[in-house]
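Asks: one predicted model, sequence on top.
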Amino acid sequence: MSGCGDEEVEGPAAPSPASPGTEGATRSPTPPASPTPTGRLTEDQAGRKALVPSAKTVWDQAARAATAKVSGSKLVEIELDRSADGGPEWDTKVATTDGTAHDVRVDAVTGKVTHSRAEPDQDSDDKRELADQLRGAEISPQQAVTTATDREEGVVTAVGLEDSDGGATAWSVDVVTQDDWYKTTFDIDTANGKVLHQEVDRD
């Protein structure tokens, strides 16, 4: 993601991912945000400040609800967003072992699934590619989140499986810091848990 105010940080490889027993818990909330150096929050910062504290269900709780809804599925992506009625919602994509993707939405206050359906426009190649990505991921999303939050303390607002710029498959993890409402995105190699890219969105 690029734009005014973004800062890219390339660092050394992350420590070995934590064991699944430390699964992805976010850190304790920090005090309310202080404004940007200009004294005012940007539109994106204000949006995060309004949305993030309203979510009472954290990402891994919502992911468990979504995968429980679709038997035998694994998480592909999850993102905190607004529902049609304006409340906080986790927009989630999960997939079964054959690569069939399902769109599942989870109320971010109650933790209840509010919507679930198989994606209608997948062809056989799409399913095969997604199944191969999930099968080849040695690093779980929980381990990727632990690596990201070890580097940047904050609230996880998105986790997703994607191809990185270098061609490797990565877990992309967004972490929002509550002292300034900036968002840091980490791309973490699904094969070895190394941080491939780190970028701060200061907008």
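Replies: Nice, thanks for sending it over. Just so you know, these numbers come straight off a predicted model, no measurement behind them. Numbering: from 1, shown residues only.

Asks: what ranges does this structure have for its helices?
Replies: 43-51, 59-69, 124-136, 141-151 (DSSP state H).

Asks: turn those helices into TSV, columns for mean pLDDT and mean neighbour count.
Replies: Glycine gets a C-beta too; all of them are placed from N, C-alpha and C. As requested, the helices of the chain are arranged in TSV below (pLDDT from 0 to 100; neighbours: other CB atoms under 10 Å):
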stretch	mean pLDDT	mean neighbour count
helix 43-51	96	16
helix 59-69	98	20
helix 124-136	95	14
helix 141-151	98	24
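
Asks: ok, which of those comes nearest Asn192?
Replies: Closest to Asn192 of the helices of the chain, according to CB to CB: helix 141-151, at 10.7 Å.

Asks: what is the closest one packed up against?
Replies: helix 59-69, strand 155-163, strand 169-176, strand 183-189, strand 195-201 (3 or more CB pairs under 8 Å, 6 or more residues apart in numbering; DSSP states H and E).

Asks: I'd say Leu161 and Val76 touch.
Replies: Yes. In this structure, Leu161 is within contact of Val76 by CB atoms under 8 Å, at 5.3 Å.

Asks: anything in contact with each of those two?
Replies: Taking CB atoms under 8 Å, 6 or more residues apart in numbering as the criterion, Leu161 and Val76 both touch Leu134.

Asks: related to what we said a few turns ago, now render the helices and strands packed on helix 141-151 as a markdown table, adding distance to Arg48.
Replies: Output for the helices and strands packed on helix 141-151, formatted as a markdown table (distance: least, CB to CB, whole Å):
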| stretch | distance to Arg48 |
| --- | --- |
| helix 59-69 | 15 |
| strand 155-163 | 8 |
| strand 169-176 | 5 |
| strand 183-189 | 7 |
| strand 195-201 | 10 |
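
Asks: closest one to Val113 among these?
Replies: Nearest of those (CB to CB): helix 59-69, 4.8 Å.

Asks: and the angle from the closest one to strand 155-163?
Replies: 60 degrees (axes from the mean of the first three to the mean of the last three CA atoms, to 10 degrees).

Asks: contacts for helix 59-69?
Replies: Helix 59-69 is contacted from outside by 23-26, 57, 73-75, 78, 80, 90, 92, 94, 102, 104, 106, 108, 111-113, 116, 141-142, 145, 156-159, using CB under 8 Å, 6+ apart.

Asks: for PyMOL, what selects the buried ones among those?
Replies: Selecting only the buried entries of the contacts of helix 59-69 in PyMOL, with 16 or more other CB atoms under 10 Å as the criterion:
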select buried, resi 23+24+26+57+73+74+75+78+80+90+92+94+102+104+106+108+111+113+141+142+145+156+157+158+159
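
Asks: filter the contacts of helix 59-69 down to the ones in strands?
Replies: Members of these lying in strands (criterion: DSSP state E): 74-75, 78, 80, 90, 92, 94, 102, 104, 106, 113, 116, 156-159.

Asks: if we can go back for a sec, of the helices and strands packed on helix 141-151, which approaches Gly136 most closely?
Replies: strand 169-176 (6.7 Å).

Asks: direction included, what does that closest one pair up with?
Replies: Next to strand 169-176 in the sheet, as set by DSSP bridges, lie strand 155-163 (antiparallel), strand 183-189 (antiparallel).
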